[in-house]
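# Here is my input, please return the structure:
(6 chains)
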Number of protein chains: 6
Amino acid sequence: MKLLLINPNRTQAVTDAVLAAARSAARPGTELLAVTGRQGPAIIASRAENALAQQEVLELAAQHATEVDAIVLGVSLDSALWACRELFDVPVVGMTEAGLLMGATLAGRIGVLTYGARMAPLYRELVEQHGLAARLAGIETLEVTPQQTFETPLRVQEAVLCGIERLVQRDGAEAVLLAGAAMASMAPVLQPRASVPLLDGVACAVALAQARVDLALPAARAGSLAPLRGRDVTGITPALAARFRGAAA
Amino acid sequence: MKLLLINPNRTQAVTDAVLAAARSAARPGTELLAVTGRQGPAIIASRAENALAQQEVLELAAQHATEVDAIVLGVSLDSALWACRELFDVPVVGMTEAGLLMGATLAGRIGVLTYGARMAPLYRELVEQHGLAARLAGIETLEVTPQQTFETPLRVQEAVLCGIERLVQRDGAEAVLLAGAAMASMAPVLQPRASVPLLDGVACAVALAQARVDLALPAARAGSLAPLRGRDVTGITPALAARFRGAAA
Amino acid sequence: MKLLLINPNRTQAVTDAVLAAARSAARPGTELLAVTGRQGPAIIASRAENALAQQEVLELAAQHATEVDAIVLGVSLDSALWACRELFDVPVVGMTEAGLLMGATLAGRIGVLTYGARMAPLYRELVEQHGLAARLAGIETLEVTPQQTFETPLRVQEAVLCGIERLVQRDGAEAVLLAGAAMASMAPVLQPRASVPLLDGVACAVALAQARVDLALPAARAGSLAPLRGRDVTGITPALAARFRGAAA
Amino acid sequence: MKLLLINPNRTQAVTDAVLAAARSAARPGTELLAVTGRQGPAIIASRAENALAQQEVLELAAQHATEVDAIVLGVSLDSALWACRELFDVPVVGMTEAGLLMGATLAGRIGVLTYGARMAPLYRELVEQHGLAARLAGIETLEVTPQQTFETPLRVQEAVLCGIERLVQRDGAEAVLLAGAAMASMAPVLQPRASVPLLDGVACAVALAQARVDLALPAARAGSLAPLRGRDVTGITPALAARFRGAAA
Amino acid sequence: MKLLLINPNRTQAVTDAVLAAARSAARPGTELLAVTGRQGPAIIASRAENALAQQEVLELAAQHATEVDAIVLGVSLDSALWACRELFDVPVVGMTEAGLLMGATLAGRIGVLTYGARMAPLYRELVEQHGLAARLAGIETLEVTPQQTFETPLRVQEAVLCGIERLVQRDGAEAVLLAGAAMASMAPVLQPRASVPLLDGVACAVALAQARVDLALPAARAGSLAPLRGRDVTGITPALAARFRGAAA
Amino acid sequence: MKLLLINPNRTQAVTDAVLAAARSAARPGTELLAVTGRQGPAIIASRAENALAQQEVLELAAQHATEVDAIVLGVSLDSALWACRELFDVPVVGMTEAGLLMGATLAGRIGVLTYGARMAPLYRELVEQHGLAARLAGIETLEVTPQQTFETPLRVQEAVLCGIERLVQRDGAEAVLLAGAAMASMAPVLQPRASVPLLDGVACAVALAQARVDLALPAARAGSLAPLRGRDVTGITPALAARFRGAAA
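Numbering: from 1, shown residues only, chains lettered A, B, ... in the order given. A predicted model of the protein is given here:
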């Protein structure tokens, strides 16, 4: 099967990290197509950048949806996740969603570790929107930037380990999700030194997307995710506009 | 004072209805500047259209923010509301948010009436995201389109009255929010025939925006709404890009 | 327009502080009538004092309701708020309610700062009763008395600033409500030294009451707030008894 | 032991019904002292009447607290329950609280049946304030008045049975609380015709009060229920004022 | 009346502690029959031991149900509580359930103190399953084992007192439940040194069971607790199998 | 890889249905080992039968855990799920849990359809225990028995389709979980006639178990799921007792 990995921000290093993490969970026959945002935020790390990223997610999905069996959103705020589910009939899985759902099969409550104090409310809100607040142990933020992950990885790793132990000791986390696409691939490196399972959102999303493809469930014909028909939208590519008209390729 | 009313969809009739409703709550000295989306959805009535509308909200706000004292979002899904609060230092008020908050001062639980069964989950999720689920009596949807409101207003009004009474009798609503920008201005017409107060989101938002201007509260310097600095975003107008760089006009 | 400010406790200094805070949010044409409890608690700072204050709130409201366009409760436990809404057809706004609702338009989660550890559960319960628990960051209490606010204001202000920062750093508060009528007017003084907006409940309530008057919403004719008819109550003034009989002046 | 039963409204027939229900659960050695409100509402059936009843509850409790081992509030809105717990060191139990707590030992979710549609929100709010919303199956209201219970008991009983079955069938209630002091004593009469246990709040409160006396738990010395000291309150009897000063008899 | 106390684990010292605590709340005419698990875990202190204990609870109950007026589960995870309520028509009360319900009549929020960090999630889940999460202040665990309670009681008592004060100061607990059958009987010893009431689950359960017997409520004939009929179960004693067939002795 | 399917009840027809459903989601290289309860309930359809089934789940798991890569519980109440996670270091997935988690990737809210009105509370409680109540649209029960599914399949299928549409129309379900092991395999048959995706718990569990094996996450070394050491349990097989002693094969 073939999976589309969408990194809607403009940083290729993030796409590379996402792709590496994805490979760790891809089955032998699974092909991965990773795409990077062409415009919009360099890194998505605020409410406004997340708002802007929605369109690029939809455009990248529209461009490639007919070539793939499922879509994985390699952006840790799961940007435009449900809009994709409305527009596209292949399975769509978000990386933070996937980390939480997969984590729910091995931990009572899950800790979330991410970059920057200003992001904590966004992850809390995201977990609540996924209806999974009851499974959240707590959120811990690092005072390092995603960029530093690539520049001084060893220093960031020590900070990440400290954050993990705070989530375990203070909040009772029984697994920890490393949230933030720039943390992709860090889980297997740190796992031996952590007392609870570390969840890589991208790997979880790939595993879950493969599971969804195996199940071959149909798209809804009723409710808020039923296909759109005859919607008139401008300022987007023809491929995306066709989705709104209900004329998917 | 001067308020900016943003209708991010491309339908001028909606802007007109929003503006009329806004005038009913504007104080003598309040000037209203209503703007309409130039690209994107003709009408926002799905998850994907809402995702696309975010950028147009931010662009319209960036274009006019320095001219006004506050911003009112005339889109009933409160699209990009918190992104605006992050980017702009004037008060920003969403119309559904405002209807719920104002309704909370006169009703225990509030009913929400809107167009189309597929929209019910979106309003439920919006109320939950506002943290106001405890004040929601229920949601009732009409099987008419926003367009029909302009074409056969009397028929739509009867359907709206039936929906209101169902919310009162079945769900115990003590006030009803007419949600959907196309319903703007309908509340005063139907109020004499309704047993509970009818809330017009736009009027509530204008009243609340004026109250916020009166209070002259500063913007946050900490947390998820603190001003952005040095963010690198492309594909947007210079006015909006300046907000991301922290170089607001 | 004319607003009634009810301070149901017997401390004139609290009424003075409430009135000063109210003036800061009153529009040019708004007249303020502030009244003080004639019997009952000197200060309301316990469950039992709050229970006793209910009748005085209703009596003061009944005495003046026909002269005013709206009522503001200048008591931070919002005592008898919903009873007033049932009895009187003018808008009624509580100061803590107003602080939370107005705060909801500028902060994801709001911190509450007040006097005395024994009051923390009462504010938590009040926020829950308003259905706004999802918007509460946390509660911090000061080990000073309302009286000390008037006696040693500078010392109290330093304690208040410490409490604000704890709410911001520990609980992620993006705005802080200074709860307790004796803290009225302190917000503008401390605002320059705080990293998030400070909410003065009385100012917010005046702003919200003015907004409610602008909207001219009718009273409910159905539900738990519909007018009372023919209720037989003794031990109260004729003005209040008339409200229970449904014969409002 | 000796229990005080407080009916704060002025209707002796309600006191009589409450006392009869209390006797059904009183153990051989338990003496019952039932008192009736001397002023305030004839019947408590609105938010404002409930607000006014608080003072009479406290006055009646203060007058008799030193003579009894525990206090039972024979008013179905549990008026002034927590204020009593703050002021008095004997156990205090509310009838609706008791019905819910006792019901929690025999039913997953409990239905509440009461008089008048306008009361449904008050009971819902009361259950939420008790933190027991998760155990509430639903609320059903009768379109009869408390007075009719005494005038046409057979007709009211049929309506009550219909309400019980709706709660069982529609809401999955596994027990039903007959809420409203005027329904006291109806449970044993209707039990043979009901498919689930019927809870009489007064009987449950007496049983629970006796259990509390058996346990001989001390009053709190910390928190929101710690004894008051030196509070200055006017307009109340000396016996009640002494409680606020911390000089309990 | 006669009460059955079931300690499903195989440690007689726990049964002895449970029985002693039970005696403190038993009324003069109440007879107590305490039974101990014959197989299964020596001590129940994990999810898997709790799973295994369910059958022994049911077997011990089936063996003695016809001799007693009510059943008290002397196991702090309330193992098989609702299964017992389905199978047996006498009142069944769990010790942690009882501690929480009784605590709800004297404290806003209750702290839970127990053995071992790994048990904290199990108690949190149990409180949530009882629908009482809103009344939980917090959970504190001791790094001592149940066995040490019997071996070095004075040292354990000091640790318990520290835990109690943390729950009061940090979490605002207004009462503390000493959870864990091995802590039975410790409450009266430590009460004089604690600032809030200490709840002994077994004593509360005995008091509540006596109250249930006084109320003489019938078993449900509808819902998830209605009697079973014709269920075919093997591998259990004839007395228990009879319960599943609906042929109770 | 090799998966163990545990059907803890004694009905081979249920095991056969579970196995058929499992095959539909098994990947080419996945081997399935299905085992059936040897003692305990013939069918698990009550609280007490579920309590008894726990031990058989653990015994069957202990007997085969060393031969397999993951365990799937083919019992719709997810009996002993977390006890298994504590005892065994391979992934363990419950069928209702899996249906809900997988459903969360394609539907806002999920409806649950099952046998018998008495089971509705058990499924509601199970969804709540999984922390997924926010994703539950509603529960609908059929008045047919699991046995009738095998005897009169066409009649049962029509009833199932009616139930599905009620969940969609009345409760807004965007997917429906067919809960009850006897409904395994019915989803693909009915899917063409349903307007929303139908979830087969067993198929979802197999897909999720395979995904968990792909991810190769370690077991926790901290928290409530950390391995047990030195626990003394009798009345179980040596293989299971070894797990409690921490001496896993």
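
# mind listing what the residue nearest to A:M186 when sequence neighbours are not counted touches?
Leaving aside its sequence neighbours, A:M186 sits nearest to A:L178 (C-beta to C-beta, 6 or more residues apart in numbering or on different chains; 5.7 Å). Heads up, the C-betas are built off the backbone N, CA and C, glycines and all. Contact analysis of A:L178 by C-beta atoms under 8 Å, 6 or more residues apart in numbering or on different chains lists A:113-114, A:160, A:184, A:186-187, A:198-201.

# just checking, which of the residues you listed belong to helices?
A:160, A:186-187, A:201 (DSSP state H).

# Tell me which stretches of chain A form helices.
Under DSSP H, chain A gives helices at A:12-25, A:47-64, A:81-87, A:95-103, A:120-129, A:146-151, A:153-171, A:186-190, A:201-215, A:238-245.

# which residues touch the one residue sitting closest to the centre of chain A?
For chain A, the residue nearest the mean C-alpha position is A:M95 (2.4 Å; C-alpha atoms, centre = their mean). Listed by C-beta under 8 Å, 6+ apart, the contact partners of A:M95 are A:72-76, A:78, A:181, A:201-202, A:204-205.

# With A:R10 instead?
The neighbours of A:R10, taking C-beta under 8 Å, 6+ apart as the test, are A:36-42, B:234.

# swap in A:S224?
So A:S224 contacts A:86, B:46-47, B:118-122, F:108, F:174 (C-beta under 8 Å, 6+ apart).

# need those in CSV with distance to chain D, pLDDT and neighbour count, can you?
As requested, those are arranged in CSV below (distance: C-beta to the nearest C-beta, whole Å; pLDDT from 0 to 100; neighbours: other C-beta atoms under 10 Å in any protein chain shown):
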residue, distance to chain D, pLDDT, neighbour count
A:E86, 33, 97, 26
B:S46, 33, 96, 25
B:R47, 30, 98, 26
B:R118, 27, 94, 19
B:M119, 26, 96, 24
B:A120, 21, 97, 19
B:P121, 23, 98, 21
B:L122, 25, 98, 23
F:G108, 22, 97, 26
F:E174, 23, 98, 27
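
# Reformat those residues as CSV; add distance to C:L228.
CSV is the format used below for the contacts of A:S224 (distance: C-beta to C-beta, whole Å):
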residue, distance to C:L228
A:E86, 48
B:S46, 45
B:R47, 45
B:R118, 42
B:M119, 37
B:A120, 35
B:P121, 38
B:L122, 38
F:G108, 41
F:E174, 44
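
# Now do the contacts for the residue of chain A found nearest chain C.
At 4.8 Å from chain C, A:P121 is the closest residue in chain A, using C-beta to the nearest C-beta. Residues counted as contacts of A:P121 (C-beta under 8 Å, 6+ apart) are B:223-224, C:108-109, C:172, C:174.

# State the distance from A:R193 to chain E.
Here A:R193 is placed at a distance of 20 Å from chain E (C-beta to the nearest C-beta, to the nearest Å).

# hang on, isn't that residue packed against A:L161?
Yes. Under the criterion of C-beta atoms under 8 Å, A:R193 makes contact with A:L161 at 5.9 Å.

# Buried residues of the helix or strand of chain A with the lowest mean pLDDT, list them for me.
The helix or strand of chain A with the poorest confidence is helix A:146-151; it has a mean of 82 (mean pLDDT, DSSP states H and E). Across helix A:146-151, burial judged by 16 or more other C-beta atoms under 10 Å in any protein chain shown covers A:146, A:148-149.

# Quick one: residues contacting the closest residue to A:A203 other than its chain neighbours.
Among residues not flanking A:A203 along the chain, A:A25 sits closest, at 4.0 Å (C-beta to C-beta, 6+ apart). By C-beta under 8 Å, 6+ apart, A:A25 lies in contact with A:200, A:202-204, A:206-207, A:210, F:214-215.

# same deal with A:E174?
Contacts of A:E174 (C-beta under 8 Å, 6+ apart): A:106-110, A:137, A:168, A:196-197, E:121, F:220, F:222-225.

# rerun that using 6 Å as the cut-off
A:E174 makes contacts with A:107-108, A:196, F:220, F:223, F:225, as judged by C-beta atoms under 6 Å, 6 or more residues apart in numbering or on different chains.

# Low-confidence ranges, chain A, go.
Counting by pLDDT under 70, the low-confidence segments of chain A come to A:248-249.

# which parts of it sit against chain E?
Those residues of chain A that sit near chain E, judged by C-beta under 6 Å from any C-beta of the partner chain, are A:G108.

# Perfect, that will be all.
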